[in-house]
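In: no sequence for this one, just the structure:
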């Protein structure tokens, strides 16, 4: 049974493909309306995030945003995708279909938002479109989606009968904020409760202190420069390269900050000691959820625990403002658990047509040595020999094409995952 045999053209749904940011601008208002009706919506699925990301990281990628419309021309779902040429395992130059925002290490919680009750129809429409355009892509990787993503569930149901599909998870963590600061303190160890008060009082005695949130565009250059500089100092001292050695990433944060500030969603916080910025946090709000993305503090001030003090002050203020989640995003580092974070997971869904070049590469990567044996047993000898020669020619020691990707926010951001497969 071929993949097209399991699909039929969607009824009462129309899919349009948008291939440039200029074309996408006509969806800006209806995009926001769609997210307002999508229960799992976050900043990462917003036009503000994805458009800013694309302007910084879209070079060398082909935009493909699929929009679904009902019979009344109402936007009912979005599949923000892109295509890039990448080395995949031992296979050079494969066309990888990703969620828009994936591939640089900056985005989490990506998704395909759809209005309730339209998920199955839109998933069918998206797959139908991809089958018709099968010459344009080899492998689809939908990474860091919410575990309960309705569109992911609908896609899995459609993919199971005849596609090659693998699922695995990535770790993440977040704090479920209680209604009061006193209630939150009960999530901390007795030692951390004492230290939060003790270190805060100590710096207030030693310095003239100020904690504030960036609320004016005129403040952004100073705050962002401090974030870039302090983040780099911290990680370079730890022997890590740091994220903000990338010009593209710095431009992304500058562009994104202006957009989020204009929308009232930026949560960029600063701790000053004697008028000098000693610690920063870069976060943003969507509804009652706050996503903490990057931070930096002066390593020369580590004994003052400036990062620790700033996080405590920020969480206290967010609780007063009725925030109900402080999301650390990827990783389950011990320091996150110490702040009361609970572990969670993102969902990765990878698929391809079974006997296509993409399917061969996908099986080989996900099955490792078992996949090689399967390929040897099932492929014609001439095809196996050709693939073997390609792989040998691209092993380490020779110049290779590097896949798209960026620096993680912390060593644990992209943790090992458990893999399950179907198909």
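Out: In hand now; what should we look at? Keep in mind that this is a model prediction, so the values were computed, not measured. Numbers count the residues shown, from 1 in each chain.
In: rest of the way, CA atoms for contacts and neighbours
Out: OK.
In: In contact with residue 102, which residues?
Out: Shown in contact with residue 102 (CA atoms under 8 Å, 6 or more residues apart in numbering): 110, 143.
In: helix, strand or coil for it?
Out: Per DSSP: H, G, I helix; E, B strand; the rest coil, the local secondary structure of residue 102 is coil.
In: Make 697 the first number, not 1, from now on.
Out: Right, with 697 as the first residue, what we last looked at is residue 798.
In: any weak-confidence spans in this protein?
Out: 697-702, 704-705, 1065-1119 (pLDDT under 70).
In: per-domain residue ranges of it.
Out: Per the record, the chain has its domains at 699-867+1041-1118, 874-1019, by automatic domain parsing.
In: For the first one, what is the distance to the chain centroid?
Out: From the chain centre to the centre of domain 699-867+1041-1118 is a distance of 13 Å (CA atoms, centre = their mean, to the nearest Å).
In: Give the helix, strand or coil label for residue 783.
Out: Put simply, residue 783 is strand when judged by three-state DSSP.
In: Please tell me I have it right and it contacts residue 835.
Out: No - applying CA atoms under 8 Å as the test, residue 783 and residue 835 come out as separate, 11.5 Å apart.
In: Looking at the domains of the chain, spot the one closest to residue 1027.
Out: Checking the domains of the chain against residue 1027 by CA to CA gives domain 699-867+1041-1118 as the closest, at 4.3 Å.
In: returning to what we had before: can you redo the domains of the chain as CSV with distance to residue 1030?
Out: Shown next, in CSV, are those (distance: least, CA to CA, whole Å):
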stretch, distance to residue 1030
domain 699-867+1041-1118, 10
domain 874-1019, 13
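In: Which SSE is immediately downstream of the strand or helix carrying residue 792?
Out: In this assignment (DSSP states H and E), residue 792 forms part of strand 787-795. Proceeding N to C from strand 787-795, the next assigned helix or strand is helix 815-828, under DSSP H and E.
In: Does the next helix or strand after that following helix pack against any helices or strands, and if so which?
Out: As assigned by DSSP H and E, the chain's next helix or strand after helix 815-828 is strand 835-842. Strand 835-842 sits against strand 787-795, strand 1038-1048, helix 1053-1063, with contacts defined as 3 or more CA pairs under 8 Å, 6 or more residues apart in numbering; DSSP states H and E.
In: Just send the ones you listed back as TSV, with mean neighbour count too.
Out: TSV is the format used below for the helices and strands packed on strand 835-842 (neighbours: other CA atoms under 10 Å):
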stretch	mean neighbour count
strand 787-795	21
strand 1038-1048	21
helix 1053-1063	21
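In: Quick check: which of those is nearest to residue 875?
Out: Here strand 1038-1048 is closest among the helices and strands packed on strand 835-842 (CA to CA), at 17.1 Å.
In: Not counting its neighbours along the chain, what's nearest the residue nearest the centre of the chain?
Out: The C-alpha lying nearest the average C-alpha coordinate of the chain belongs to residue 804 (CA atoms, centre = their mean; 2.0 Å). Closest residue to residue 804 apart from its sequence neighbours, by CA to CA, 6 or more residues apart in numbering: residue 840 at 5.6 Å.
In: now swap in residue 836 and tell me
Out: What sits nearest to residue 836 in space, not counting adjacent residues and going by CA to CA, 6+ apart, is residue 793, at 4.5 Å.
In: Okay, and the beta partners of that neighbour?
Out: Beta-bridge pairing of residue 793 under DSSP bridges involves residue 779, residue 836.
In: quick one, what contacts it?
Out: Residue 793 makes contact with 777, 778, 779, 780, 833, 834, 835, 836, 837 under the criterion CA under 8 Å, 6+ apart.
In: Farthest-apart pair in those residues, please.
Out: Greatest spacing in the contacts of residue 793, by CA to CA: 777 and 834 (13.7 Å).
In: how about the helices and strands packed on strand 835-842 in a markdown table, adding distance to residue 1032?
Out: What follows is the helices and strands packed on strand 835-842, written out as a markdown table (distance: least, CA to CA, whole Å):
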| stretch | distance to residue 1032 |
| --- | --- |
| strand 787-795 | 27 |
| strand 1038-1048 | 8 |
| helix 1053-1063 | 30 |
